[in-house]
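Enquirer: no FASTA, just this:
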């Protein structure tokens, strides 16, 4: 299954000088945890995640409106192409420990976001004998296992 088929297509983006208050409002209204940061051509130059915002605000004694996307965005952009198979996208997520990837078209222009949730919904509807479905579930089990270990370590610290 191609990422272009399972991705969320109507993605809200921001510019590098957008203040974090606006980015947070975009995340709230769109019910998302990632906002791609784009240049004047619409090409992704970074992403701001809900985690990026939490870390930035936790480290600074400043209101969100005083910080801008370029100060907290994650770079380089780790993404996938619309024609990539969802399993390839999932392996990229696993390798880089990400939950979401921007789907980047020609020139790095953002065409969507694919998330682990999107891949799980696809896998849940695939035939149980589909080898890609089985591989997806194995990768997800590995991610879930690693995540639980991380939570146990953090809780024990």
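Expert: Done, it's in. Just so it is clear, the model here is predicted, and its values are computed rather than measured.

Enquirer: gap between residue 51 and residue 123?
Expert: Distance, residue 51 to residue 123, by Cβ to Cβ, to the nearest Å: 25 Å. C-beta: built from backbone N, CA, C; applies to glycine.

Enquirer: so the two - more neighbours on which side?
Expert: residue 123 (22 against 13; other Cβ atoms under 10 Å).

Enquirer: can you pull up the bridge partners for the residue most central in space within the chain?
Expert: In the chain, the centroid-proximal residue (Cα atoms, centre = their mean) is residue 100; its distance is 2.3 Å. Counting by DSSP bridges, residue 100 is bridged to residue 115.

Enquirer: all the helices of this structure, residue numbers only.
Expert: Along the chain, counting by DSSP state H, helices occupy 3-6, 20-30, 50-59, 69-72, 86-96, 116-125, 131-156.

Enquirer: how about the ones you listed in CSV, adding mean pLDDT and distance to residue 109?
Expert: CSV is the format used below for those (pLDDT from 0 to 100; distance: least, Cβ to Cβ, whole Å):
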stretch, mean pLDDT, distance to residue 109
helix 3-6, 94, 13
helix 20-30, 95, 18
helix 50-59, 91, 22
helix 69-72, 95, 17
helix 86-96, 90, 17
helix 116-125, 86, 20
helix 131-156, 63, 27
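
Enquirer: any idea which of those helices gets closest to residue 107?
Expert: Taking Cβ to Cβ, helix 3-6 is the member of these nearest to residue 107, at 16.2 Å.

Enquirer: how about the closest one: buried residues?
Expert: 3, 4, 6 (16 or more other Cβ atoms under 10 Å).

Enquirer: you'd agree residue 143 is up against residue 91?
Expert: No - look at residue 143 against residue 91 with Cβ atoms under 8 Å: they stay out of range, at 10.6 Å.

Enquirer: gap between the residue in the chain sticking out farthest from the centre and residue 118?
Expert: Centroid-distance maximum for the chain: residue 129 at 28.4 Å, with Cα atoms, centre = their mean. In this structure, residue 129 and residue 118 are 22 Å apart, going by Cβ to Cβ.

Enquirer: check residue 98 too.
Expert: 13 Å.

Enquirer: more crowded one of these two?
Expert: Of the pair residue 98 and residue 118, residue 118 is the one with more neighbours under other Cβ under 10 Å, namely 22 against 18.

Enquirer: quick check: nearest residue in space to that one, chain neighbours excluded?
Expert: Nearest residue to residue 118 in three dimensions, chain neighbours excluded: residue 6, at 4.6 Å (Cβ to Cβ, 6 or more residues apart in numbering).
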